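[1] what follows is a predicted protein model with its sequence.
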Amino acid sequence: MGKSKVAATGQVANLENGFNRREFLAGAAAATAAAAADSVFGQSPNVDQLPVIDAHIHLFDGTRPLGAEYMGSPAYRAISKTSLPSMYTAQARPVGVIGAVVVESSSWIDDNLWYLEQCRTDPIMMGVSGSLDPEQSDFGRYVEHFHNDPMFRAIRSSRFYTADNGKVALKPQQVANLKLLARADLALDTANPSMDLMQANVLLADAIPDLRIIMDHLPSFDPTPENQQAYEAVVKDMANRPNIFVKLSEVYHPRHSDGVVVRDYEPLRTRLDYLFDAFGEDRVLFGSDYPNSYGVATIAEEVALMKRYYSTKSREAAEKYFSKNAMRIYKLSLT
């Protein structure tokens, strides 16, 4: 990885050969020492220059001979069949993103290799949450194979349960296989949030307490008056399991009832407050969901929204949300 310089303001220097994340983090900390001191005296911390790790993006290339199983939201598919590191980096670096985690968007086993290959083309890519099926008998063999790659940090799988008339139960074979994932020290992403999946996450957290379970896009769940009480109960249950983490991502999202994207800050802040208060500063992560977010919010808008929200919190809490929690939960490397 090529070296880079860090500007005195803490902005990422866009150099041809990439940048060193460790240098950036050290430079950003020094450049914002005054802001950190301000926060000690009760003033709002300056979060503008905080480095960001985007814990949720997607890559794909529909122009390959085999195509791609998934190519983003309908709005994005209308303009492009590809989502590549260079396309993401051009939008992410200018707003202070220093690293990203690629989350699977294909069930094809070979695409895990493609994600890893793509990540090595750009130093901003820090890790992969791949696609391995815990239903398959060869799951353990693939876990053993992929976890040897230091960039392979997790898988995303969300069908490890059954739901019958509101009664959720785990699939025993998948639980046995997901124990192998925990033994390999890899995390589990789950999406998209539903009442059944959230209940299943609680059951799985109890069954495998050393498995780090990440509930993706939790702010995008819109409880109805009918399920509000049940929603609050399952959020409380998840919050009571220390091995469940949440991505405060898809904060801007089409509302389930009418498809409207709520942009007024106050209702968004209220939802964020509820989830932040439930899970605390150590268990929340930033994610842009690029390019699924196309047509809803840009990376810059998503970063700005969350920096506005964290401007009222301690600098330590902001640092955890924007980078440190992702480093710890996915066990990412800066080099």
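    On my side now, so go ahead.

[2] show me where the stretch 151-300 of the chain has helices.
    Taking DSSP state H, counting those that start in this stretch as the test, the helices found in the stretch 151-300 of the chain are 172-183, 195-207, 228-239, 265-279, 299-310.

[3] what does the third one rub up against?
    Right, the one you point to is helix 228-239. 195, 198-199, 201-202, 205, 215, 221, 223, 244, 246, 274-275, 278-280 (Cβ atoms under 8 Å, 6 or more residues apart in numbering). All C-beta spots, glycine's among them, are computed from the backbone N, C-alpha and C.

[4] can you select the buried ones from the residues you listed in ChimeraX?
    Applying 16 or more other Cβ atoms under 10 Å to these, the buried members can be selected in ChimeraX as follows:
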select :195,198,199,201,202,205,215,221,244,246,275,278,279
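
[5] going by distance to residue 295, which of the contacts of helix 228-239 wins?
    Compare each of these with residue 295 using Cβ to Cβ and the shortest gap goes to residue 221, at 20.1 Å.

[6] could you list every residue that touches the closest one?
    In this structure, residue 221 makes contact with 193-194, 198, 231, judged by Cβ under 8 Å, 6+ apart.

[7] try it again at 10 Å.
    With contact taken as Cβ atoms under 10 Å, 6 or more residues apart in numbering, residue 221 is in contact with 192-195, 197-198, 215, 227, 231, 234-235, 250, 253, 256, 271, 275.

[8] show the buried residues in those.
    193, 195, 197-198, 215, 231, 234-235, 250, 253, 271, 275.

[9] quick revisit: could you dump the helices of the stretch 151-300 of the chain into CSV and include mean pLDDT?
    CSV is the format used below for these (pLDDT from 0 to 100):
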stretch, mean pLDDT
helix 172-183, 98
helix 195-207, 98
helix 228-239, 98
helix 265-279, 98
helix 299-310, 97
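
[10] wait, which of the ones you listed is closest to residue 107?
    Distances from residue 107 to each of these were compared by Cβ to Cβ, and the smallest falls on helix 172-183, at 14.9 Å.

[11] name the residues that touch that closest one?
    Under the contact criterion Cβ under 10 Å, 6+ apart, helix 172-183 has outside partners 132-144, 147, 154-155, 157, 159-161, 170-171, 186-188, 203-204, 207-213, 243.

[12] now the buried ones among the contacts of residue 221 in JSON lines, with distance to residue 290?
    JSON lines is the format used below for these (distance: Cβ to Cβ, whole Å):
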{"residue": "193", "distance to residue 290": "19"}
{"residue": "195", "distance to residue 290": "27"}
{"residue": "197", "distance to residue 290": "22"}
{"residue": "198", "distance to residue 290": "24"}
{"residue": "215", "distance to residue 290": "19"}
{"residue": "231", "distance to residue 290": "27"}
{"residue": "234", "distance to residue 290": "28"}
{"residue": "235", "distance to residue 290": "26"}
{"residue": "250", "distance to residue 290": "11"}
{"residue": "253", "distance to residue 290": "14"}
{"residue": "271", "distance to residue 290": "21"}
{"residue": "275", "distance to residue 290": "21"}
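
[13] out of the contacts of helix 172-183, which end up buried?
    132-134, 139-140, 142-143, 147, 154-155, 157, 160-161, 170-171, 186-188, 203-204, 208, 211-213, 243.

[14] and stretch 110-128, C-alpha only, in PDB?
    Only the C-alpha atoms of stretch 110-128 are listed here, as PDB (Å, rounded to 0.1, in the frame of the first residue of the first chain):
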ATOM      1  CA  ASP A 110     -17.300 -18.000  -6.400                       C
ATOM      2  CA  ASP A 111     -18.300 -14.400  -5.800                       C
ATOM      3  CA  ASN A 112     -16.600 -14.500  -2.500                       C
ATOM      4  CA  LEU A 113     -13.300 -14.800  -4.400                       C
ATOM      5  CA  TRP A 114     -14.400 -11.900  -6.700                       C
ATOM      6  CA  TYR A 115     -15.100  -9.700  -3.700                       C
ATOM      7  CA  LEU A 116     -11.700 -10.400  -2.200                       C
ATOM      8  CA  GLU A 117     -10.000  -9.800  -5.600                       C
ATOM      9  CA  GLN A 118     -11.800  -6.500  -6.000                       C
ATOM     10  CA  CYS A 119     -11.000  -5.400  -2.500                       C
ATOM     11  CA  ARG A 120      -7.300  -5.800  -3.300                       C
ATOM     12  CA  THR A 121      -7.600  -3.300  -6.200                       C
ATOM     13  CA  ASP A 122      -8.200  -0.300  -3.800                       C
ATOM     14  CA  PRO A 123      -6.700   0.300  -0.300                       C
ATOM     15  CA  ILE A 124      -9.900   1.800   1.000                       C
ATOM     16  CA  MET A 125     -11.400  -1.700   1.000                       C
ATOM     17  CA  MET A 126     -10.800  -3.300   4.400                       C
ATOM     18  CA  GLY A 127     -12.900  -6.400   4.600                       C
ATOM     19  CA  VAL A 128     -15.500  -8.700   3.200                       C
END
